[in-house]
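> Show me the folded form of this:
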Amino acid sequence: MKKSLLLFVIVVLMVLVVGPYTPYWILMIGVATVSFLVGAGKVSSFGSSGLGFGLTWMALSLFISIKTDSELPKRMAELMGLENDNLLLFGTALLGFLIGGFSGLTGSMLRKLFERKN
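Sure, this is the predicted structure:
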């Protein structure tokens with residue numbers, strides 16, 4: 001529980017601080033590295049990293065949408081054939097969850113690969 005919470009907090013901070021300046025794949029490498037170093041299990045790495053990444057992306061997109069009061073999310077939802085622009089927000093969160101989750105799982109499995117067997 002402690003490792004998964006630590007991983008969640010580090011992933012959220014990484015996405016908030018490093019995310020605006022780097023592409024998503026750099027964040028994926030960073031999440032995998034953090035997951036490798038923290039050493040949480042496979043399921044908790046997937047869940048913690050996914051929730052951290054996904055919730056942060058959802059919160060950031062919601063914050064930007066509210067702050068700018070832009071018509072762009074509504075127009076993009078229309079272009080994609082979505083009835084509601086909030087579905088675009090949840091799509092962003094789902095994509096962030098999958099990106100973060102699989103990155104955390106990769107780091108956890110890489111750690112298992114390098115562990116010694118007794």
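
> who's in contact with the lowest-mean-pLDDT helix or strand in the chain?
In the chain, the helix or strand scored least confidently by mean pLDDT, DSSP states H and E is helix 72-79, which has a mean of 86. Contacts to helix 72-79, defined as Cβ atoms under 8 Å, 6 or more residues apart in numbering, come from residues Ser65, Glu83, Asn84, Asp85, Leu87, Leu88, Leu89. Heads up, the C-betas are built off the backbone N, CA and C, glycines and all.

> mind running it again at 7 Å?
For helix 72-79, contacts defined as Cβ atoms under 7 Å, 6 or more residues apart in numbering pick out Ser65, Asn84, Asp85, Leu87, Leu88.

> Scan the chain for its longest helix.
Counting by DSSP state H, the longest helix found in the chain is helix 86-114.

> what's the offset of that helix from the middle of its chain?
Its chain's C-alpha centre and that of helix 86-114 lie 6 Å apart, by Cα atoms, centre = their mean, to the nearest Å.
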